[in-house]
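Participant: I need the structure of the sequence given here:
(chains A and B)
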Amino acid sequence: AQRVTQPEKLLSVFKGAPVELKCNYSYSGSPELFWYVQYSRQRLQLLLRHISRESIKGFTADLNKGETSFHLKKPFAQEEDSAMYYCAFQGAQKLVFGQGTRLTINP
Amino acid sequence: DGGITQSPKYLFRKEGQNVTLSCEQNLNHDAMYWYRQDPGQGLRLIYYSQIVNDFQKGDIAEGYSVSREKKESFPLTVTSAQKNPTAFYLCASSIDGPGANTGELFFGEGSRLTVL
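Facilitator: Numbering: from 1, shown residues only, chains lettered A, B, ... in the order given. Below you'll find the predicted structure:
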């Protein structure tokens, strides 16, 4: 079955510390993976996609096919990074979302 | 102001009543979606539509119905058959269909339905 798993519901780090939000997927083919973010009182929006290999707001995510992971990382967390983050997987007919991780950056 | 507009933002319903949530987009997108967002469960797909006059069930379609009579509109009806309708509902659109799109969905602000 096509599935995306985010093992951490909540993650709390201090400002300036590194951040890693975990995402694992289950799929036999070549996956297309994404990270979506929802800031407080804002709409859910695309943060980055693995095919673009881009860094957005200091975040990067590398696809590791061996570990079937697509973890989101940032070397130095900022308070404005506090938000709900969803990993998503492009399936055959739909975008499948993980359960989400609420990231809190403490001052 | 372009984007996805959902209404109402908050809605209260008595048990046994049907309720319809509105979703309108002016992005000229072909595909539209309805997701349900529950704490700890992420986003679950209710229905999606790739083109006008066509729609498919998602993972949790039971107790819901949709229509796609116009490209810009994709209303969701929560029927009395839905066992646990209290939730936050998100509408989204994408340029093309779910099998071909780039993965970028544009979301509305959501509608919170509470069943009393």
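
Participant: got the residues of chain B near chain A?
Facilitator: Taking CB under 8 Å from any CB of the partner chain, the part of chain B that reaches chain A is made up of B:33, B:35, B:40-45, B:48, B:56, B:58, B:90, B:92, B:98-99, B:101-110. Heads up, the C-betas are built off the backbone N, CA and C, glycines and all.

Participant: now with 10 Å?
Facilitator: Neighbours of chain A within chain B, by CB under 10 Å from any CB of the partner chain: B:3-4, B:6, B:31, B:33, B:35, B:37-45, B:48, B:50, B:56, B:58-59, B:90, B:92, B:94, B:97-110.

Participant: show the buried residues in the residues you listed.
Facilitator: Applying 16 or more other CB atoms under 10 Å in any protein chain shown to the residues of chain B next to chain A, the neighbour count classes B:4, B:6, B:31, B:33, B:35, B:37, B:42-45, B:48, B:50, B:58, B:90, B:92, B:94, B:97-98, B:101, B:103, B:105-110 as buried.

Participant: quick check, residue A:8 in contact with residue A:22.
Facilitator: Yes: using CB atoms under 10 Å, residue A:8 is in contact with residue A:22, at 6.2 Å.

Participant: in chain A, where's the longest strand?
Facilitator: Looking across chain A with DSSP state E, the single longest strand is strand A:83-90.

Participant: following that one, which helix or strand comes up?
Facilitator: The helix or strand immediately downstream of strand A:83-90 is strand A:95-97, counting by DSSP states H and E.

Participant: what mean pLDDT does that next one have?
Facilitator: What strand A:95-97 shows for mean pLDDT is 87.

Participant: just to check, residue A:44 is in contact with residue A:95?
Facilitator: No: using CB under 10 Å, residue A:44 is not in contact with residue A:95; the gap is 11.4 Å.

Participant: who is the residue nearest the centre of chain B paired with across the strands?
Facilitator: Nearest to the geometric centre of chain B sits residue B:34, at 2.5 Å (CA atoms, centre = their mean). Beta-bridge pairing of residue B:34 under DSSP bridges involves residue B:47, residue B:91.

Participant: pretty sure residue A:86 is touching residue A:9, no?
Facilitator: No: using CB under 10 Å, residue A:86 is not in contact with residue A:9; the gap is 11.9 Å.

Participant: between these two, point out the one with more neighbours.
Facilitator: residue A:86 (25 against 11; other CB atoms under 10 Å in any protein chain shown).

Participant: any idea what sits nearest that one, other than its immediate chain neighbours?
Facilitator: The shortest distance from residue A:86 to any non-neighbouring residue, by CB to CB, 6 or more residues apart in numbering or on different chains, is to residue A:36 (4.4 Å).

Participant: for chain B, what spans make up the strands?
Facilitator: Under DSSP E, chain B gives strands at B:4-7, B:10-13, B:19-25, B:31-38, B:42-49, B:56-57, B:64-66, B:76-78, B:87-94, B:106-107, B:111-115.

Participant: mean pLDDT added to these, as CSV?
Facilitator: Converted to CSV, the strands of chain B look like this (pLDDT from 0 to 100):
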stretch, mean pLDDT
strand B:4-7, 96
strand B:10-13, 92
strand B:19-25, 97
strand B:31-38, 94
strand B:42-49, 93
strand B:56-57, 94
strand B:64-66, 97
strand B:76-78, 97
strand B:87-94, 95
strand B:106-107, 94
strand B:111-115, 94
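
Participant: cool, thanks, signing off.
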